[in-house]
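Novice: would you be able to build a 3D model of this:
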Amino acid sequence: MSNKNMKIAEKIRIFWEKYDNKVVLFVGILLVAIVSYEIGFMEGHKIEQKSLVIEKAPALELPSAKDENSSVLGAQSSEELKDVTNSTDNKDCVFVGSKNSNKYHTLDSPWAKRIKPENRVCFKSKEEAQAKGYIASSSVK
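Specialist: Purely as a prediction, here's the structure:
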């Protein structure tokens, strides 16, 4: 061998004598990591997940305002219901309720803001709301 090759071989021998334990440990950890990854990858392909299916619940049918026997609160006739729904046209509405509930709220209440316009019932006073069979919600003071 040439002098240059002998110097390289001597450097490799010195490096190996100095770091042989660390090199073997590093290679062993690397092999364990690669084998673990491959096993996990193969197991992942074996597991077949079912698709997530989201179903919409059927809509609930509410009593019709046209039906003479139906009522919002159980005690109102269809004529009284017409009177209540006509009160939503008033601009001086202080309290609101829903056709589908028996509670009335202040206008700034988060619950009042959630009432659909077609279901909104307007009241000028607490007494008017109570006369129509509504009760105060927690937002009414």
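
Novice: now Lys56, what's its secondary structure?
Specialist: Using DSSP: H, G, I helix; E, B strand; the rest coil, the structure places Lys56 in coil.

Novice: can you pull out the helices in the protein?
Specialist: For the chain, helices defined by DSSP state H occupy the ranges 3-46, 78-86, 110-113, 126-131.

Novice: and the residue nearest the centre of the chain?
Specialist: In the chain, the residue lying closest to the centroid (C-alpha atoms, centre = their mean) is Ile54, at 13.5 Å.

Novice: that older thread, pipe the helices of the chain into CSV and attach mean pLDDT and distance to Val96 per row.
Specialist: Yep, even glycine has a C-beta here, placed from its N, CA and C like the rest. Below are those laid out as CSV (pLDDT from 0 to 100; distance: least, C-beta to C-beta, whole Å):
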stretch, mean pLDDT, distance to Val96
helix 3-46, 90, 55
helix 78-86, 45, 11
helix 110-113, 86, 5
helix 126-131, 90, 9
